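> Got a predicted structure plus its sequence, pasted below:
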Amino acid sequence: MTNVLFGTTLFFYFLGTFHYLLFFINQRESIGKVGNIATITAFGVHTLTLIYQMVNLGHVPMTNLKEALFFFSWAIVLIHVMLEFRYKIRIMGAFIVPLAFIAVLFSLICTVSTAPVPEYFKSPWLGVHATLAFLGYAAYAISFGMGIMYLLQERQLKQKHPGAFYRRLPSLDLLDELNYKAVALGFPLHTVAILSGAIWANSVWGYFWGWEPKEIWSLITWLVYAVYLHARLIAGWRGRKASYLSVIGFLVVIFTFIGVNLLMPGRHAFN
């Protein structure tokens, strides 16, 4: 049953990705609507899959890389769907939905260890800490997509004869605003995730901070986005500088989320 749900989710995200990219190329509204419907359908199946896993496993499905990637992709699409509904910018699907599709694809490829889940992973704190962290990371992914769109649109505008992408992308002001709003959403979620993780660690091991690789890189990620917000609100960074920083920040997120867990030992390493 789980494999069927996983496969169905992947299939509809593929359809969504394909049609959003096709919509980006030819701007036919009917194709964009298909991309939107396919993505919402995938999100619905995705949600059912997570509920099914939770009921069968008896805990939040975030204890290994397969589960974490699957939940991360769900969080990305959740925020994307809300933004598309709020701002009616269908073209953002071409930059956001492929991220979710890739995450689900890799989650299917991942092998799962047969080792038992550590007892501390069965704590209710897992759901609180991990959910907040992934929602924060998902907001950063949206910021990444907005940053890429901004840089692409700015390049089009600098040309003497702007290409076709110029008419297909939102204005620079709107992209810059959405970039900032995504970080402004992700940063407090990320902050509370770190605090809840510290409380969880103290309840299990008797200390709030252990300077493990994942903790250090999570702090580095937090500092990168703290610099983003400081530079924007205090130093007035906008536009290109802010977009580059959001792209760099998301690369740090990916390393913190996947690279650290795979390359550096510690209690945060996935099974």
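Nice, I can see it. Just so we're clear, the structure is a prediction, and the values are computed from it rather than from any experiment.
> And Lys88, how far from Met82?
12 Å (CB to CB, to the nearest Å). Where you see a C-beta, it was placed from the backbone N, CA and C, and this is true even at glycine.
> neighbour count winner among those two?
Met82 (11 against 7; other CB atoms under 10 Å).
> how would you label that one: helix, strand or coil?
Following DSSP: H, G, I helix; E, B strand; the rest coil, Met82 is assigned to helix.
> measure it to Trp125 for me?
26 Å.
> cool, Val45 as well?
Applying CB to CB, the value for Val45 to Trp125 is 28 Å.
> When those two are compared, which one has more neighbours?
Val45 (20 against 17).
> Which helix or strand contains the more buried one?
helix 29-57 (DSSP states H and E).
> Now do that helix: distance to the chain's middle.
Relative to its parent chain, helix 29-57 has a centroid offset of 16 Å by CA atoms, centre = their mean, to the nearest Å.
> buried set for it?
Across helix 29-57, burial judged by 16 or more other CB atoms under 10 Å covers 31-32, 34-36, 38-43, 45-46, 49-50, 53.
> again, but for stretch 172-189
By 16+ other CB under 10 Å, the buried positions in stretch 172-189 come out as 172, 174-176, 178-187, 189.
> now swap in stretch 83-96 and tell me
So stretch 83-96, judged by 16+ other CB under 10 Å, has buried residues 83-84, 89-96.
> which two from those end up farthest apart in space?
Comparing every pair within the buried residues of stretch 83-96 by CB to CB identifies Leu83 and Ala94 as the most remote, at 13.5 Å.
> okay, and the helix or strand of this protein with the least pLDDT?
helix 165-168 (a mean of 70; mean pLDDT, DSSP states H and E).
> Not counting stretch 70-77 itself, show me its contacts.
If you take CB atoms under 8 Å, 6 or more residues apart in numbering as the criterion, stretch 70-77 is touched by 6, 13, 39, 42-43, 46-47, 49-50, 61-62, 96-97, 99-101, 103-104, 107, 130-131, 134-135, 137-138, 141-142, 257.
> Mind checking the pLDDT average for it?
Across stretch 70-77, pLDDT averages out at 95.
> ditto for stretch 31-42
Mean predicted confidence for stretch 31-42 is 94.
> And Val117, what's its pLDDT?
Val117 is given a pLDDT of 65.
> Please apply the same query to Pro265.
65.
> now Arg238
pLDDT, read off for Arg238, is 84.
> So Ala68 sits against Phe257, correct?
Yes. Between Ala68 and Phe257 a contact is recorded at 7.4 Å, counting by CB atoms under 8 Å.
> how close does the residue nearest to the spatial centre of the chain get to Gly58?
For the chain, the residue nearest the mean C-alpha position is Ala138 (2.6 Å; CA atoms, centre = their mean). Separation of Ala138 from Gly58 (CB to CB): 25 Å.
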